[in-house]
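In: Turn this into a model:
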Amino acid sequence: MSETEKKLQIQSCYIPSIFGKLDEHIQLIEKQLHVKFVLRDDELKVLGDENQTLLAAKVINKLIHFAQKGQIIDTQLVEYTLSSIKNNKENDLDTMSNDLVATTYLGKPIKAKTIGQKKYIENMKKNKCVYFGAIGGLGAKLSMCIKNQKIIAYESLGTEALREIYVEKFPAIVIINCDGESIYERDNNKYE
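Out: Prediction:
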């Protein structure tokens, strides 16, 4: 079997996020796809079997695309990108990366990281659900306020299934209302 070499251009400003801390992202891709990367200036060479080299190049190009859009490249995103490309589901990555879920109070965009999360948000809007936020450590207190509940979607997710709940004296804040409006977007300029 002959080794194939593919050359990719990568701007130096994107190298740290794509390679990851201590090159953890690039090593993950090398391990999963059985390829080798060699970086010289702004040229990244991918070495390996022809098919695997092509897949690795697609993964890197997609990660460059995410970095150009300002998305944080973390291990979860690298693994999801690898999985999607290996399973010929590249279009899912494009769909997922285009959808803004909300913006934090500091103006940072929050995007769905998986197709599952994207569908979850779409169902929240469709079913007129809300997203609550509370001070950390209130789990036990919040659970005492739930008087009745039923699962309405994603039963297989167990505790993270989408539920309709009836609560009394619920000490939480509505972060995203049933129309998809975020308190972070609405009040973003209030606290600057």
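In: Could you list the buried residues of the top strand by length along the chain?
Out: The residue-count maximum for a strand in the chain (DSSP state E) belongs to strand 146-153. Using 16 or more other CB atoms under 10 Å as the test for burial, strand 146-153 gives Ala153. Placement of C-beta: from N, CA and C, glycine included.
In: Please save the CA atoms from the next helix or strand after that strand in PDB.
Out: Per DSSP states H and E, the first helix or strand lying C-terminal to strand 146-153 is strand 162-167. The C-alpha coordinates for strand 162-167 follow below in PDB (Å, rounded to 0.1, in the frame of the first residue of the first chain):
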ATOM      1  CA  LEU A 162     -37.700  16.900  27.400                       C
ATOM      2  CA  ARG A 163     -40.500  17.200  30.100                       C
ATOM      3  CA  GLU A 164     -43.600  19.100  30.800                       C
ATOM      4  CA  ILE A 165     -43.500  20.000  34.500                       C
ATOM      5  CA  TYR A 166     -45.900  21.600  37.000                       C
ATOM      6  CA  VAL A 167     -44.100  23.600  39.700                       C
END
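In: pull the CA atoms of the very next helix or strand once past strand 162-167 into PDB?
Out: As assigned by DSSP H and E, the chain's next helix or strand after strand 162-167 is strand 173-176. C-alpha atoms of strand 173-176 as PDB (Å, rounded to 0.1, in the frame of the first residue of the first chain):
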ATOM      1  CA  ILE A 173     -35.000  32.500  36.000                       C
ATOM      2  CA  VAL A 174     -36.400  32.000  32.500                       C
ATOM      3  CA  ILE A 175     -33.300  32.200  30.300                       C
ATOM      4  CA  ILE A 176     -34.900  31.400  27.000                       C
END
